[in-house]
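Got a predicted structure plus its sequence, pasted below:
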Amino acid sequence: MILQENDITLRPYTLADATALAKIANTAKIADNLRDLFPHPYTIDDAKAFIQKNINGEIKGVFAIIYKDQLVGSIGIHLQPDVYRKTAELGYFVAEKYWNKGIASKSIELITKYGFESLHLTRIFAGVFQYNKASMRVLEKNGYILECIKRKAIYKKKQILDEYYYAKVNE
Ligand SMILES: CC(C)(COP(=O)(O)OP(=O)(O)OC[C@H]1O[C@@H](n2cnc3c(N)ncnc32)[C@H](O)[C@@H]1OP(=O)(O)O)[C@@H](O)C(=O)NCCC(=O)NCCS
């Protein structure tokens, strides 16, 4: 599946993306906003292992974000199990060099449309660390609603943080 609009393309990863992925992902500015399972430092072997899991189908719903022919980020829509099977969790990052160009906003727009129209989801959500105002903004710009603040839900880098829980439902 390829999702495309203007300068932004969301497409599946190939192993040829490993070097570029490691290059953009290897920074605390990204890792500090994601779960600890996101490697830091992020090596080419980490990138290869992640891409291989996508190719095998072990990880589903992940797209490389391509902007003007460059790999600039990653976005994933992860289906939830059991009775939550019509709900998915959204995760994303954009390379620091490309921040504030509207890339995450457009990528979230494309993947949300795909989730509702092609996957027939009823609900998509994302959990944001309390200090991550840019991420809150891109969700709000796409019509995601702050449904609750999960107080002290996160323990990241020896800090206890609130999680801002955003969701959008398919009306
Ligand atoms: C969050 C992230 C994906 C945003 O990507 P991006 O491509 O720069 O996003 P966009 O350019 O589409 O939009 C950024 C918006 O946040 C705003 N913003 C940026 N920094 C901000 C800050 N410190 N406070 C408030 N708003 C901020 C920008 O002004 C812009 O809003 P606008 O369009 O109304 O001006 C990117 O910063 C990132 O990858 N961060 C690290 C990983 C991460 O946080 N992932 C999400 C985990 S929930």
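Arrived safely, thanks for sending. Numbering: from 1, shown residues only.

helices or strands next to the helix or strand harbouring Ile55 in the packing?
Assigned by DSSP states H and E, Ile55 belongs to helix 44-56. Helix 44-56 sits against helix 18-25, with contacts defined as 3 or more Cβ pairs under 8 Å, 6 or more residues apart in numbering; DSSP states H and E. Using the backbone N, CA and C atoms, a C-beta is placed for each residue, glycine as well.

buried residues in the helix or strand following the helix it packs on?
Counting by DSSP H and E, the next helix or strand C-terminal to helix 18-25 is helix 28-31. Of the residues in helix 28-31, 30-31 count as buried by neighbour count, 16 or more other Cβ atoms under 10 Å.

Need the contact partners of helix 28-31.
With Cβ atoms under 8 Å, 6 or more residues apart in numbering as the test, helix 28-31 has contacts from 24-25, 38-40, 42, 93, 95-96.

mind running it again at 6 Å?
Here helix 28-31 makes contact (Cβ atoms under 6 Å, 6 or more residues apart in numbering) with 38, 40, 93, 96.

so for it, what's the average pLDDT?
Mean pLDDT, helix 28-31: 98.

Briefly note if that helix comes near the ligand.
Yes: with Cβ under 6 Å from any ligand atom as the criterion, the ligand is reached by helix 28-31 at Ile30.

starting at the chain centroid, how far to that helix?
The chain centroid and the centroid of helix 28-31 are separated by 13 Å under Cα atoms, centre = their mean, to the nearest Å.

For this structure, which residues are neighbours of the ligand?
30, 33-34, 92-94, 99-105, 126, 128, 132-135, 137-138.

In helices, which of those appear?
Residues of the residues of the chain next to the ligand located in helices (DSSP state H): 30, 103-105, 133-135, 137-138.

Could you turn the buried ones of those residues into a ChimeraX selection?
To isolate the buried ones among these in ChimeraX, judged by 16+ other Cβ under 10 Å, type:
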select :30,103,104,105,135,138
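
Mind putting the ones in helices among the residues of the chain next to the ligand into JSON lines with distance to Ile154?
Formatted as JSON lines, these follow (distance: Cβ to Cβ, whole Å):
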{"residue": "Ile30", "distance to Ile154": "16"}
{"residue": "Ile103", "distance to Ile154": "25"}
{"residue": "Ala104", "distance to Ile154": "20"}
{"residue": "Ser105", "distance to Ile154": "24"}
{"residue": "Lys133", "distance to Ile154": "16"}
{"residue": "Ala134", "distance to Ile154": "17"}
{"residue": "Ser135", "distance to Ile154": "13"}
{"residue": "Arg137", "distance to Ile154": "19"}
{"residue": "Val138", "distance to Ile154": "19"}
